[in-house]
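# this is the structure alone, sequence omitted:
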């Protein structure tokens with residue numbers, strides 16, 4: 001039986017994370033706030049699956065590669081993970097059984113690209129980058145995005161995978177009201193957002209997801225939206241978000257974090273203020289988990305979330321850690 005994420009948090013997310021790293025690294029896990037200056041290249045990404053994504057991104061950064069290449073190649077690992085139910089090939093479908101993928105990417109020159117409701121393509125993050133580099137557009141969606149991907153030779157996939165299809169059929173039987181909304185996090189809605197700084201001091205970021213499980217067809221969350229799920233300003237810093245996209249969109253979350261850093265806030269302070277803004281805009285916070293992750297131009301990093309349980313992975317020359325952020329509220 002799948003453990004519900006909210007219950008998983010209550011049981012102790014940090015403890016479970018120990019099995020994802022070598023025993024020698026387990027003692028290095030941080031289970032409280034984390035904010036300090038990092039010298040040299042660094043990559044940060046949301047959630048436990050960020051550990052594997054960071055490892056791939058680090059292959060690029062450690063060889064003197066550019067941040068934009070690192071953040072693309074890093075999240076491609078998560079997009080290819082068949083066991084992940086919230087990103088890529090193994091993602092859960094919408095209400096009508098279609099797995100639609102969203103992604104965006106942004107580089108140090110403020111160039112950006114995005115795709116939304118993309119179906120049947122293995123790596124939406126790479127399609128987003130291609131749009132950024134080869135067109136005058138920022139975002140393509142639906143059939144237009146798919147046709148673009150096919151025209152440019154991107155690999156096709158067939159979704160949903162067998163295990164996900166079974167889960168979907170079970171969900172349909174239990175949900176006679178087709179407009180019933182699944183609870184956030186209860187449906188394993190864990191976008192991966194990644195931000196990185198390379199040896200040249202340049203910043204880039206990426207974000208990719210299969211979105212809210214069993215969502216209404218056509219729904220887009222924050223993940224493909226520049227300024228919501230991701231924002232990079234090479235003069236100031238970068239930020240990404242995860243959680244309930246609708247709430248993050250309402251405050252232009254990642255852009256808000258970067259602008260707060262522009263006005264002198266540290267990454268953690270900026271993420272906390274963005275969380276407070278989300279809370280102030282909602283009368284009902286039931287199940288409304290959102291988390292932010294940020295880095296400034298000086299290499300300071302930090303994160304914050306509405307509820308307990310949000311963590312992120314960090315990798316640099318001398319650090320490889322899974323960090324539980326501070327938060328405003330405990331789950332009931």
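Ah, there it is. Being a predicted model, the structure only gives us computed values, none of them experimental.

# need the pLDDT of residue 174.
At residue 174, the pLDDT value in this model is 86.

# tally of neighbours for it?
Residues near residue 174, counting by other C-beta atoms under 10 Å, number 7. In short, each C-beta sits where N, CA and C put it, glycine included.

# what comes up buried for stretch 296-316?
Neighbour-count burial for stretch 296-316, counted by 16 or more other C-beta atoms under 10 Å, picks out 296-297, 299-316.

# scratch that, stretch 80-90
In stretch 80-90, the ones that count as buried by 16+ other C-beta under 10 Å are 81, 84-90.

# residues in contact with that stretch?
Residues outside stretch 80-90 that contact it (C-beta atoms under 8 Å, 6 or more residues apart in numbering): 49, 52, 75, 78-79, 91-92, 101, 122-124, 157, 159, 161, 163-164, 188-192, 208-211, 213.

# now do the end-to-end distance for it.
8 Å (C-alpha to C-alpha, to the nearest Å).

# and it, how far out from the chain middle?
Relative to the centre of its chain, stretch 80-90 is centred 13 Å away, using C-alpha atoms, centre = their mean, to the nearest Å.

# tell me the mean pLDDT for that stretch?
For stretch 80-90, the mean per-residue pLDDT is 95.

# nearest spatial neighbour of residue 111, skipping sequence neighbours?
Closest residue to residue 111 apart from its sequence neighbours, by C-beta to C-beta, 6 or more residues apart in numbering: residue 132 at 5.2 Å.

# wait, the one you found sits on residue 109?
No - under the criterion of C-beta atoms under 8 Å, residue 132 is not in contact with residue 109, lying 9.9 Å apart.

# between these two, which one's more packed in?
A direct count of neighbours by other C-beta under 10 Å for residue 132 and residue 109 places residue 132 higher, at 21 against 12.

# and the more buried one, how far from residue 108?
12 Å (C-beta to C-beta, to the nearest Å).

# which of the contacts of stretch 80-90 are buried? Put it as a ChimeraX command.
To isolate in ChimeraX the members of those that are buried, counting by 16+ other C-beta under 10 Å, one can use:
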select :49,52,75,78,79,91,92,101,122,123,124,157,159,161,164,188,189,190,191,192,208,209,210,211,213
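
# restricted to strands, list the contacts of stretch 80-90.
Using DSSP state E, the subset of the contacts of stretch 80-90 located in strands is 101, 192, 208-209.

# lowest mean pLDDT among the helices and strands of this structure, which one is it?
Here the helix or strand of the chain ranked lowest by mean pLDDT, DSSP states H and E is helix 23-26, holding a mean of 35.

# and residue 285, how many neighbours does it have?
Neighbours of residue 285 (other C-beta under 10 Å): 16.

# for it, which non-adjacent residue is spatially closest?
Distance criterion C-beta to C-beta, 6+ apart; nearest residue to residue 285, sequence neighbours excluded, is residue 279 at 6.4 Å.

# I'd like the next helix or strand past whichever strand or helix holds that neighbour.
Secondary structure from DSSP states H and E places residue 279 in helix 267-280. Remark: after helix 267-280, the chain's next helix or strand is strand 290-296, criterion DSSP H and E.
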